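S.K.: Build me a structure from this.
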Amino acid sequence: MLKYLMTCAALIGLAGCATMTRGTTQAVAINTPGAPGATCTLTSPSVGRQMVTTPGVVTLAKGASAVSVRCSKECYSEGNGMLASSMDGMTAGNIVVGGVVGLGVDAATGAMNQYAPQADILMMPDGSCSAPSVAQKRRSR
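M.R.: So this is what the prediction gives:
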């Protein structure tokens, strides 16, 4: 009987393994190569709406939904991207050790998911802020 109780206590203690070992949040670096200082808005049901200035790091709540990334900066076209959510490898171990309870805990907290550690959002100059030409400079003198 004591062996049974110890086994049950150990399984309950290990329930939610990814929740305990990897946590329910994740830091993600957001970059806009060639356009530093862009303001990026990240949106999804699990993270809500968060903003970051590039290059920057934002801490996101883990979840099953992809995160939409929209970046803007004066003189540049808008940059858009997506942070896909994938299943963390720790989940497979949890099925073996933590069983249904552990899997349920990890699913409820989002810990069984992960995002790529970095997103590079491309933005191109839109030509609205081009430098004055040499001819324009001479005319203004």
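
S.K.: All the strands of the chain, residue numbers only.
M.R.: Under the criterion DSSP state E, the chain carries strands at the ranges 25-31, 39-44, 48-53, 56-61, 67-72, 79-83, 86-87, 113-114, 118-120.

S.K.: contact partners of the first one?
M.R.: For strand 25-31, contacts defined as CB atoms under 8 Å, 6 or more residues apart in numbering pick out 40, 42, 52, 54-62, 69, 71, 83, 114-121. C-beta coordinates here come from the backbone N, C-alpha and C atoms, glycine included.

S.K.: How about the third one?
M.R.: Outside of strand 48-53, the residues within contact range by CB under 8 Å, 6+ apart are Ile30, Gly37, Ala38, Thr39, Cys40, Thr41, Leu42, Thr43, Val58, Leu60.

S.K.: Need those in CSV (columns: neighbour count).
M.R.: Supplementary listing: the contacts of strand 48-53 in CSV, determined by neighbours: other CB atoms under 10 Å:
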residue, neighbour count
Ile30, 24
Gly37, 12
Ala38, 24
Thr39, 15
Cys40, 25
Thr41, 13
Leu42, 23
Thr43, 14
Val58, 19
Leu60, 20
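
S.K.: can I get those residues in a markdown table with pLDDT and distance to Cys129?
M.R.: Below are these laid out as a markdown table (pLDDT from 0 to 100; distance: CB to CB, whole Å):
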| residue | pLDDT | distance to Cys129 |
| --- | --- | --- |
| Ile30 | 97 | 23 |
| Gly37 | 97 | 13 |
| Ala38 | 98 | 14 |
| Thr39 | 98 | 16 |
| Cys40 | 98 | 19 |
| Thr41 | 98 | 22 |
| Leu42 | 97 | 26 |
| Thr43 | 96 | 27 |
| Val58 | 97 | 27 |
| Leu60 | 94 | 32 |
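
S.K.: Output those as JSON lines; include the columns distance to Cys75.
M.R.: Conversion of those to JSON lines gives the following (distance: CB to CB, whole Å):
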{"residue": "Ile30", "distance to Cys75": "19"}
{"residue": "Gly37", "distance to Cys75": "11"}
{"residue": "Ala38", "distance to Cys75": "11"}
{"residue": "Thr39", "distance to Cys75": "13"}
{"residue": "Cys40", "distance to Cys75": "16"}
{"residue": "Thr41", "distance to Cys75": "18"}
{"residue": "Leu42", "distance to Cys75": "22"}
{"residue": "Thr43", "distance to Cys75": "24"}
{"residue": "Val58", "distance to Cys75": "24"}
{"residue": "Leu60", "distance to Cys75": "28"}
